[in-house]
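*Asks:* please find the sequence and the predicted model below.
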Amino acid sequence: MGRYIGPKCKMCRQEKVKLFLKGKRCLTKCMLDRRSYRPGEHGQKPRKPTDYAIRLREKQKLRRIYGIMEGQFKNYFFRVRKENGITGENLIRLLERRLDNVVFRFGFVSTRAEARQLITHGHILINDKKVNIPSYQIKIGDVVRINDGSGLLERIKESMSLAAERGVPSWLEIDETNLAGIVKSFPTMEESGLPIQEALIVEFYSK
């Protein structure tokens, strides 16, 4: 499975918005606050983006927020395009239902990248069964909990206390005592709280 291993701050500078890929550190030590221009030799030179570039950047922004590689993101789009409803909103809903995102939304970890690590190492149970696939699509009624034998309870409790300010979305319900959560419903576009214009992504793939 491919993954990006380069500097995360460069991605925020490229998109000119905080993607919070480093969790709380992005609030205090964000490179974007010091260098608000694009990375690279010509980053400070002003340039007017084309219509294609505007749509490309919106697509890249969403892909980087969830930490998904290009091929998988494209597959997601063409999958939801066949479904009923608004394509852009269906795409966001599909991404929000990824297990790594749900673990992040519960506050068990501070970033989605950390959630993927937790999952692949076998620390996450769904309905008391171990699942080690970050892209697993959760369903309504699923109970997501931390494996009691994971040895990371203190670290997870610390992450949950830091995530208290962020809050848990209304489509999820957290049980802090048992380090578990239940999926009550599927998320809406508004509940995702993302700085994304999903219509531009649909236009990008429609060209």
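*Replies:* Good, I have the coordinates.

*Asks:* could you measure from Asp51 over to Thr177?
*Replies:* Here the criterion is CB to CB, to the nearest Å. By it, Asp51 lies 51 Å from Thr177. All C-beta atoms are positioned from the backbone trio N, CA, C, and that covers glycine.

*Asks:* ranges for the helices of the chain?
*Replies:* 8-15, 25-28, 31-34, 51-66, 70-80, 87-96, 99-106, 112-120, 153-163, 189-192, 198-206 (DSSP state H).

*Asks:* re the thing from before, Asp51 and Thr177 - which one has more neighbours?
*Replies:* Asp51 (11 against 6; other CB atoms under 10 Å).

*Asks:* ok, that one - contacts?
*Replies:* By CB atoms under 8 Å, 6 or more residues apart in numbering, the contact set of Asp51 is empty.

*Asks:* from Ile146, how far off is it?
*Replies:* The value you get for Asp51 to Ile146, if CB to CB is used, is 46 Å.

*Asks:* go ahead and flag the most central residue of the chain.
*Replies:* Taking CA atoms, centre = their mean, the centroid of the chain lies closest to Tyr66, which sits 3.1 Å from it.

*Asks:* so it is in contact with Leu99, correct?
*Replies:* No: checked against CB atoms under 8 Å, the pair Tyr66 and Leu99 is beyond contact range at 11.8 Å.

*Asks:* break this structure into its domains for me.
*Replies:* Taking automatic domain parsing as the reference, the chain has its domains at 8-39+48-95+194-206, 99-185.

*Asks:* related to what we said a few turns ago, quick one: closest of the helices of the chain to Asp142.
*Replies:* Of all the helices of the chain, it is helix 99-106 that lies closest to Asp142, at 8.4 Å by CB to CB.

*Asks:* I'd like to know which elements that closest one is packed against.
*Replies:* Under the contact criterion of 3 or more CB pairs under 8 Å, 6 or more residues apart in numbering; DSSP states H and E, helix 99-106 touches helix 87-96, helix 112-120, strand 124-126, strand 143-146, strand 172-175, strand 180-183.

*Asks:* so that helix versus helix 153-163, what angle?
*Replies:* Helix 99-106 and helix 153-163 are oriented at 70 degrees to each other (axes from the mean of the first three to the mean of the last three CA atoms, to 10 degrees).

*Asks:* what comes up buried for helix 99-106?
*Replies:* Neighbour counts over helix 99-106 (16 or more other CB atoms under 10 Å) mark 99-106 as buried.

*Asks:* again with stretch 60-71
*Replies:* Result for stretch 60-71 [16+ other CB under 10 Å]: buried residues 60-68.

*Asks:* so how far is that stretch from its chain's centroid?
*Replies:* 8 Å (CA atoms, centre = their mean, to the nearest Å).

*Asks:* please pull out the lowest mean pLDDT helix or strand from the protein.
*Replies:* None of the helices or strands of the chain scores lower by mean pLDDT, DSSP states H and E than helix 25-28, at a mean of 51.

*Asks:* pick out the shakiest of the domains of the chain, pLDDT-wise.
*Replies:* For these, mean pLDDT drops lowest on domain 8-39+48-95+194-206, to a mean of 78.
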